[in-house]
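Peer 1: sequence plus predicted model, see below.
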There are 4 protein chains.
Amino acid sequence: MAEKIGADAALEKLTSWEKLDEDRDAICKAFKFSDFKSAWAFMSGTALKAEQMDHHPEWFNVYNRVDVVLTTHDADGVTELDVTLGSFMDNLAAQLGVQE
Amino acid sequence: MAEKIGADAALEKLTSWEKLDEDRDAICKAFKFSDFKSAWAFMSGTALKAEQMDHHPEWFNVYNRVDVVLTTHDADGVTELDVTLGSFMDNLAAQLGVQE
Amino acid sequence: MAEKIGADAALEKLTSWEKLDEDRDAICKAFKFSDFKSAWAFMSGTALKAEQMDHHPEWFNVYNRVDVVLTTHDADGVTELDVTLGSFMDNLAAQLGVQE
Amino acid sequence: MAEKIGADAALEKLTSWEKLDEDRDAICKAFKFSDFKSAWAFMSGTALKAEQMDHHPEWFNVYNRVDVVLTTHDADGVTELDVTLGSFMDNLAAQLGVQE
């Protein structure tokens, strides 16, 4: 099982992510694309990665926005699984022209 | 442009939906599937409908849960577009074994 | 690694599938849905399963049709992986109102 | 209704596509990505565009390959709809690191 490393350790690697402003150990990022098609392509590629890892994001979408929260429920906090999935999302989003 | 009918009028047709508990005119429903695959099939079919209508849901997903909010931003409230999209979602979710 | 069981053995379990009429050991099935949305929901759920298994279909789609060929390249023929994926597809297609 | 312009006229704009080697007026292109995730992100974005246009590709996928045929059945040949969809696919594939 993945061990908790905590949000601070994860953010050293995922420098564009932030600590979630809630009473739990999690990281978050708001992705903004040019339109729904790009946002959906991003979510579709990520869905495959998530199912493959058996590690799923909490994500909210409306049109071109995708707001993501990552944490590992079994570990009660952020683990390397979140770093791996977050890094995957960053790379795919960059390909799809995410607006920083 | 779609005219505002309001949440109450929409809920007469979408009887399993509820008024959003926020200071805006919107309706919501929480869908729960057996797993992420079913939830994702639901979201993927719905994404096509939404893009076709140019009317997009606000939705949150984690694993087998899909929480949806429908409203029409241009009309500042619920319109027939939301009834159409909500009805589409109900039908697709029923096919995919949504747990009521 | 999955061992070859051959198309005939697979068809005992996947009774609605057929032997591929080509010079290789494979099974095939033509799925027909009511529209592209249903076909795409089917493909989207299946894509997650395929990536999770690291076992991918050969599939052709146009509008409401999805023609699938399953075989296991590493085993040079049909294996239990194909039975598992084909069975998953049958179940999901039935949910989505596939036309037999 | 879209009028037939023919494969040759389309290929002046879609220079990386080819005439289909069959007895019908159509154009084709083979896309190759780094893996299934990228191929699927490409197909997912394209699916939205296709449904929005009500103009659907014939496409074959296995793992990282997506082989596409475009033609307009109602016009019995290639139209501007195919140029529009093909151009969309080229742009999205370029973003996703298609291998030329």
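Peer 2: Yep, it's here.

Peer 1: can we go C-alpha only for contacts and neighbour counts from here?
Peer 2: Will do.

Peer 1: mind checking which helix or strand the residue in chain A positioned nearest to chain C is in?
Peer 2: Nearest to chain C, among the residues of chain A, is residue A:52, at 4.5 Å (Cα to the nearest Cα). Using DSSP states H and E, residue A:52 falls within helix A:36-53.

Peer 1: for that helix, the distance to its chain's centre please.
Peer 2: Counting by Cα atoms, centre = their mean, to the nearest Å, helix A:36-53 is centred 11 Å from the centre of its parent chain.

Peer 1: which strands or helices does it pack on?
Peer 2: strand A:65-70, helix A:80-95, helix B:36-53, helix C:36-53, helix D:36-53 (3 or more Cα pairs under 8 Å, 6 or more residues apart in numbering or on different chains; DSSP states H and E).

Peer 1: how about the following helix or strand past that helix, does it get close to chain B?
Peer 2: Moving toward the C-terminus from helix A:36-53, the next helix or strand (DSSP H and E) is strand A:58-62. Yes: with Cα under 8 Å from any Cα of the partner chain as the criterion, chain B is reached by strand A:58-62 at A:58-62.

Peer 1: which residues touch the residue of chain A closest to chain C?
Peer 2: C:48, C:51-53 (Cα atoms under 8 Å, 6 or more residues apart in numbering or on different chains).

Peer 1: which pair in those spans the largest distance?
Peer 2: C:48 and C:53 (8.6 Å; Cα to Cα).

Peer 1: which one's more surrounded, the two?
Peer 2: Using other Cα atoms under 10 Å in any protein chain shown, the more surrounded residue of residue C:48 and residue C:53 is residue C:48, with 26 against 14.

Peer 1: residues contacting the closest residue to that one other than its chain neighbours?
Peer 2: Spatial nearest neighbour of residue C:48, chain neighbours left out: residue A:48 (5.3 Å); criterion: Cα to Cα, 6 or more residues apart in numbering or on different chains. For residue A:48, the contact set (Cα under 8 Å, 6+ apart) comprises C:47-48, C:51-52, D:37.

Peer 1: not counting sequence-adjacent ones, nearest residue to the closest residue to chain B within chain A?
Peer 2: At 4.1 Å from chain B, residue A:60 is the closest residue in chain A, using Cα to the nearest Cα. In this structure, residue A:60 finds its nearest non-sequential neighbour in residue B:60, 4.1 Å apart by Cα to Cα, 6+ apart.

Peer 1: correct me, but that neighbour touches residue A:65?
Peer 2: No: counting by Cα atoms under 8 Å, residue A:65 is not a contact partner of residue B:60; they are 11.6 Å apart.

Peer 1: just for chain A, where's the confidence low?
Peer 2: A:100 (pLDDT under 70).

Peer 1: and the residue nearest the centre of chain A, how far from residue A:44?
Peer 2: Nearest residue to the geometric centre of chain A (Cα atoms, centre = their mean): residue A:86, 4.1 Å. According to Cα to Cα, to the nearest Å, residue A:86 and residue A:44 sit 15 Å apart.

Peer 1: now for the contacts of residue A:48, which pair is the farthest apart?
Peer 2: C:52 and D:37 (11.3 Å).

Peer 1: related to what we said a few turns ago, return the member of the contacts of residue A:52 nearest to chain A.
Peer 2: Of the contacts of residue A:52, the one sitting nearest to chain A (Cα to the nearest Cα) turns out to be residue C:52, at 4.5 Å.

Peer 1: any idea how far residue A:16 is from residue A:31?
Peer 2: Computed as Cα to Cα, the residue A:16 to residue A:31 distance reads 10 Å.

Peer 1: who's more crowded, the two?
Peer 2: residue A:31 (20 against 13).

Peer 1: circling back: save the contacts of residue A:48 as a markdown table, and put in distance to residue B:99 too.
Peer 2: Converted to a markdown table, the contacts of residue A:48 look like this (distance: Cα to Cα, whole Å):
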| residue | distance to residue B:99 |
| --- | --- |
| C:47 | 23 |
| C:48 | 21 |
| C:51 | 25 |
| C:52 | 24 |
| D:37 | 29 |
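
Peer 1: flag every residue of chain A that's near chain C.
Peer 2: A:47-48, A:51-53.

Peer 1: tell me the residues of chain A that contact chain D?
Peer 2: When proximity is defined as Cα under 8 Å from any Cα, chain A approaches chain D at A:37-38, A:40-46, A:48-49, A:92, A:95-97.

Peer 1: just the buried ones from these?
Peer 2: Among the residues of chain A next to chain D, those classed as buried by 16 or more other Cα atoms under 10 Å in any protein chain shown are A:37-38, A:40-46, A:48-49, A:92, A:95-96.

Peer 1: of these, which pair is most distant in space?
Peer 2: The distance between the two most remote of those (Cα to Cα) is 18.7 Å, for A:37 and A:49.

Peer 1: what are the phi and psi angles of the residue nearest to residue A:75 when sequence neighbours are not counted?
Peer 2: Of all residues not flanking residue A:75 in the chain, residue A:4 sits nearest, at 5.6 Å (Cα to Cα, 6+ apart). Dihedral pair for residue A:4: phi -60, psi 130, per degrees, to the nearest 10.

Peer 1: distance of residue A:4 from chain D?
Peer 2: For residue A:4, the distance to chain D equals 27 Å [Cα to the nearest Cα, to the nearest Å].

Peer 1: residues from chain A in reach of chain B?
Peer 2: A:36, A:40, A:47, A:51, A:56-63.

Peer 1: between those, which sits nearest residue A:70?
Peer 2: residue A:57 (5.5 Å).

Peer 1: residues contacting the closest residue to that closest one other than its chain neighbours?
Peer 2: Closest residue to residue A:57 apart from its sequence neighbours, by Cα to Cα, 6+ apart: residue A:70 at 5.5 Å. By Cα under 8 Å, 6+ apart, the contact list for residue A:70 reads A:26-28, A:57-58, A:78, A:82, A:86.

Peer 1: which of those residues are buried? Put it as a PyMOL command.
Peer 2: Selecting the buried subset of these in PyMOL, with 16+ other Cα under 10 Å as the burial test, is done by:
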select buried, chain A and resi 26+27+28+57+78+82+86
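
Peer 1: I'd like the contacts of residue A:70 as a markdown table, with distance to residue B:22 appended.
Peer 2: Converted to a markdown table, those look like this (distance: Cα to Cα, whole Å):
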| residue | distance to residue B:22 |
| --- | --- |
| A:26 | 25 |
| A:27 | 26 |
| A:28 | 23 |
| A:57 | 25 |
| A:58 | 21 |
| A:78 | 31 |
| A:82 | 31 |
| A:86 | 31 |
